[in-house]
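# starting from these lines, generate the structure:
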Amino acid sequence: MATIAWIGLGNMGGPMTANLVAAGHEVVGFDLDAGANEAAAANGVRIATSVADAVSGADAVFTMLPKGEHVRSVYKGDAGVWANAPATALLLDSSTVDIETSRYCHDESAARGVRFVDAPVSGGISGAAAGTLTFMLGGAAADVAEAKSLVDPMAGNVFAVGAATQGIAAKLANNMMLFISLVAASEGSQLASSLGIDPQTFWDIARVSSADSWAMRTWYPVPGIVESSAANRNFDATFATTLALKDVALALGAGDAAGLSLPAAQLAREQFEQLIAEGLGGKDCSLIAKLVHPDGAVAGYTPEPEPALASR
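Purely as a prediction, here's the structure:
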């Protein structure tokens, strides 16, 4: 069993570390959020006082952070991963970041004689809790082989995608397809309902027909059909709109760099941007279903009341 340092114990990192502990690994974690630390500690993670404290003596170091700038800041500097992790440690980033940040981590690690693997995941919070995530690994073949053994307790599927940054490249393309599929599920579900088709009957048809997709099976934006749908809980976030916008924007950035036209992904970005402009960035990304309707009313969603004005 390994000693694993884990930086970032939020909605994904928390349950992922719980699965590592259950598999017998010693996990030392750190997060800036006290609540995240407390929840991880309850699952057997030893909480460190800093990044430097967490990575000292580790066999492997995982980072699971919101954005590329957070990953860069955690790795560099006197208090960062590179300065304090053992030279023998395998470094893995499971964050969803831009390809340039992943390349930076690979190059700077290599310059220091340290091994690094980009190791993003797909499967969401439910997959993190169930230990059924899909890992996409990029890096040197020997390092990826070692990474496979480390991620196994958290994974349903593990893919060695290729060389450095190929894991994160696969993740960005995959998430772009997810959000395009979500637009389709949102528009199709609302059209079917408006035409008077029973929602369960239509979902049953689409599930075994050409409209089937992961987004439809997991995030279908109609209450009472799919248990995991945010529509059952007033569209409280399982995947926040702000995060969806970040991911699709990263994919579009990669497409721009490759000289590609990605109009469907651009549409998804515009829809997420519209929700955010309405103050709904913290709601689930599947709430784009409301944009189908001229009045913005959609089954399963009740807007929160405006705060009352204080009397004078």
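# that's a helix at Lys210, yeah?
Heads up, residue 210 is Ser, not Lys. No. Secondary structure assignment (DSSP: H, G, I helix; E, B strand; the rest coil) places Ser210 in coil, not in a helix.
# what's the separation between it and Ala23?
39 Å (CB to CB, to the nearest Å). For every residue, glycine as well, the C-beta is placed using N, CA and C.
# neighbour count winner among these two?
When neighbours are counted by other CB atoms under 10 Å, Ala23 comes out ahead of the other of Ser210 and Ala23, with 15 against 6.
# for that one, give its distance to Ala129.
According to CB to CB, Ala23 stands 14 Å off from Ala129.
# likewise for Leu9?
Distance from Leu9 to Ala129, by CB to CB: 14 Å.
# show me which of the two is the more surrounded one.
Legend: neighbour count by other CB under 10 Å for Leu9 and Ala129, higher for Leu9 (29 against 17).
# now do the SS call for the more buried one.
At Leu9 the chain is in coil, as set by three-state DSSP.
# mind checking pLDDT for the nearest residue to Arg103 once chain neighbours are set aside?
What sits nearest to Arg103 in space, not counting adjacent residues and going by CB to CB, 6 or more residues apart in numbering, is Thr165, at 5.3 Å. The pLDDT attached to Thr165 in the predicted structure is 98.
# what's the answer for the one 10 residues further on, then?
Taken from the predicted model, the pLDDT recorded for Asn175 is 96.
# OK, contacts around the nearest residue to it once chain neighbours are set aside?
In space, and not counting its chain neighbours, Asn175 is closest to Asp247: 4.5 Å by CB to CB, 6+ apart. With contacts taken as CB atoms under 8 Å, 6 or more residues apart in numbering, Asp247 has the following neighbours: Thr96, Leu172, Asn175, Met176, Phe179.
# re the thing from before, thought the residue nearest to Arg103 was touching Tyr104?
No. Assessed by CB atoms under 8 Å, Thr165 is found out of contact with Tyr104, at 9.9 Å.
# overlap of the contact sets of the two?
Both Thr165 and Tyr104 lack any common contact, where contact means CB under 8 Å, 6+ apart.
# more neighbours, those two?
A side-by-side neighbour count of Thr165 and Tyr104, using other CB under 10 Å, places Thr165 first with 23 against 18.
# from Ser102, how far off is that one?
Using CB to CB, Thr165 is found at 5 Å from Ser102.
# longest helix anywhere in this protein?
The helix that spans the most residues within the chain, counting by DSSP state H, is helix 166-194.
# list the contacts for the residue nearest to Arg269 when sequence neighbours are not counted?
Across the structure, with CB to CB, 6+ apart as the measure, the residue nearest Arg269 apart from its sequence neighbours is Val248 (4.9 Å). With CB under 8 Å, 6+ apart as the criterion, the residues that contact Val248 are Asn175, Met176, Phe179, Ala265, Ala268, Arg269, Phe272.
# and Val248, how far is that from Ser186?
Noted for Val248: a distance of 14 Å to Ser186, by CB to CB.
# how about Gly156?
In this structure, Gly156 and Ser186 are separated by 26 Å, where distance is defined by CB to CB.
# comparing those two, which residue is more hemmed in?
With other CB under 10 Å as the criterion, Gly156 and Ser186 differ in neighbour count, and Ser186 comes out ahead with 27 against 13.
# so that one makes contact with Asp284?
No. Contact criterion CB under 8 Å: Ser186 and Asp284 do not qualify, at 11.3 Å.
# so which elements touch the helix or strand Gly35 falls within?
In this structure, Gly35 is located in helix 34-42 according to DSSP states H and E. Based on contacts counted as 3 or more CB pairs under 8 Å, 6 or more residues apart in numbering; DSSP states H and E, the elements that helix 34-42 packs against are helix 13-22, strand 26-30, strand 46-47.
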